[in-house]
Structures are given as structure tokens and as C-alpha cells.
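> Give me a 3D structure for the following:
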Amino acid sequence: MGDSFMTVIAIFVATILMFIFPLLSVSERSDDISQLAAQTAVVEFVDEVSSTGKITSADYDALIQNLATTGNTYDVELEHKILDENPGKKVTWTSGDKIGENIYYSRYTSQITDELAKNDGNGVYTLKEGDMISVSVKNTNQTLSQMLRNFFYTISGQDTYQVAAEHAKMVTVTGSKNN
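Residues are numbered from 1 along each chain as shown. As a prediction, this is how the structure comes out:
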């Protein structure tokens, strides 16, 4: 009786060691690759926007397509911090480029995508020099490694994300809708 019980436990432990841990390792590696691809796509998009001063529908669609190649679905958040050129009258300082004098207000994803949807989906969202652009993406689906960790460890919840990327940069050139 004791030998058969130990044999069952040994088979169970061997199964875990031979199948479950390698599967968990491969799924974690897949998430790492997705993380790298998402980070690369976000950095390329932000760098392009920063150097051209505009977001085109084609650029935004390319970002979404690059993210989709990872096999995950993402929540993409855009933020455009617009440098206010006239923050108010100052008695001693009249230049907006003094340290501590720059005031920004923000426009977010829905406002930007609404602008991109104009002109039959060929809209252009322009930015000006000194503005800030930031992009943040998080996966919305559960990856295989999340499901396995939920099953074995119960440490990650349904609302957590595994793959995320963000990047922000100052716009270096004022964009033009004609270019």
C-alpha cells in the first residue's frame, strides 16, 4: 500500500517537472518576446511623431498592426501635452521658455483618434515644437503564462496585465498637415 502511494506521488511530481515547468518557462519567454515587440513598436511610433510633429492615421494604424503581431490585444493610451504659449501675464518674465514657466494642458486618446478619423480616416493630428507626446500600451487579454500562474500560484488577478510598454518624448519640430 505504501509503495503504490509513493509511486503515484512520484509520477505526479515527475509529470510536473517534465511538462508543467517547461510549459511555464516557454510561456514566460513568449511574454518576454511580446514585451520586447510592444516596447519597440511604441518607441518607434513616439520617435516618428517627435521628429515629424504629426500623427497620421497611417502611423497610428501601423502601431496598432505592430502590436497585433504579438497575438495579444492592447489598450493604447495616447497623451499629448500641449505647451501653452500664453500662460498668463507675467510682470518680470515675458518668455515662455523660462524654467518653471512652462504650462501644459493635455489631450487624450479619444480626442486624438477623433481628429485622425476626419477626412475619411485620413486625418492628421499636428503637434508643435515643445509639446510632449506619450504612449502607453497594456495587454487586455490573458496570456498563457498568466493563465498558468493563475492556475498554479493564484498570484495574478483577472485585471492585471503582463505585457506593457510606454514611452514619452518632447516634439522637436512643428508639424504641418500638408507634409
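> contacting residues around Asp59?
Asp59 makes contacts with 45, 48-49, as judged by C-beta atoms under 8 Å, 6 or more residues apart in numbering. Every C-beta, even on glycine, is put in place using the N, C-alpha and C of the backbone.
> gap between it and Gly53?
12 Å (C-beta to C-beta, to the nearest Å).
> can you check Val8 too?
For Val8, the distance to Gly53 - C-beta to C-beta - is 67 Å.
> Give me the more crowded residue out of those two.
Gly53 (19 against 10; other C-beta atoms under 10 Å).
> and that one, what are its phi and psi?
Taking degrees, to the nearest 10, you get phi 80, psi 20 for the backbone angles of Gly53.
> contacting residues for it?
So Gly53 contacts 126-129, 171-176 (C-beta under 8 Å, 6+ apart).
> Tell me how many other residues surround Thr143.
Neighbours of Thr143 (other C-beta under 10 Å): 21.
> Correct me if wrong: it contacts Asp31.
Yes: using C-beta atoms under 8 Å, Thr143 is in contact with Asp31, at 5.4 Å.
> what do those two both touch?
Common neighbours of Thr143 and Asp31 (C-beta under 8 Å, 6+ apart) are 162-163.
> Grab the longest helix from the chain for me.
helix 21-52 (DSSP state H).
> Does anything pack onto that helix? Which helices or strands?
Under the contact criterion of 3 or more C-beta pairs under 8 Å, 6 or more residues apart in numbering; DSSP states H and E, the helices and strands touching helix 21-52 comprise helix 57-68, strand 132-139, helix 144-152, strand 164-170.
> Measure how it sits relative to helix 144-152, angle-wise.
If you take axes from the mean of the first three to the mean of the last three C-alpha atoms, to 10 degrees, helix 21-52 sits at 140 degrees to helix 144-152.
> and the angle for the lowest-mean-pLDDT helix or strand in the chain with strand 132-139?
None of the helices or strands of the chain scores lower by mean pLDDT, DSSP states H and E than helix 144-152, at a mean of 79. Per the same axes, to 10 degrees, the angle that helix 144-152 makes with strand 132-139 is 50 degrees.
> CA atoms only for helix 144-152, dumped as PDB, please.
The C-alpha trace of helix 144-152 is given here as PDB (Å, rounded to 0.1, in the frame of the first residue of the first chain):
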ATOM      1  CA  LEU A 144      -0.800  31.700 -21.500                       C
ATOM      2  CA  SER A 145       1.700  32.400 -18.700                       C
ATOM      3  CA  GLN A 146      -1.000  34.500 -16.800                       C
ATOM      4  CA  MET A 147      -3.400  31.600 -17.000                       C
ATOM      5  CA  LEU A 148      -0.800  29.100 -15.900                       C
ATOM      6  CA  ARG A 149       0.200  31.300 -13.000                       C
ATOM      7  CA  ASN A 150      -3.400  31.800 -12.000                       C
ATOM      8  CA  PHE A 151      -3.900  28.100 -12.000                       C
ATOM      9  CA  PHE A 152      -0.800  27.200 -10.100                       C
END
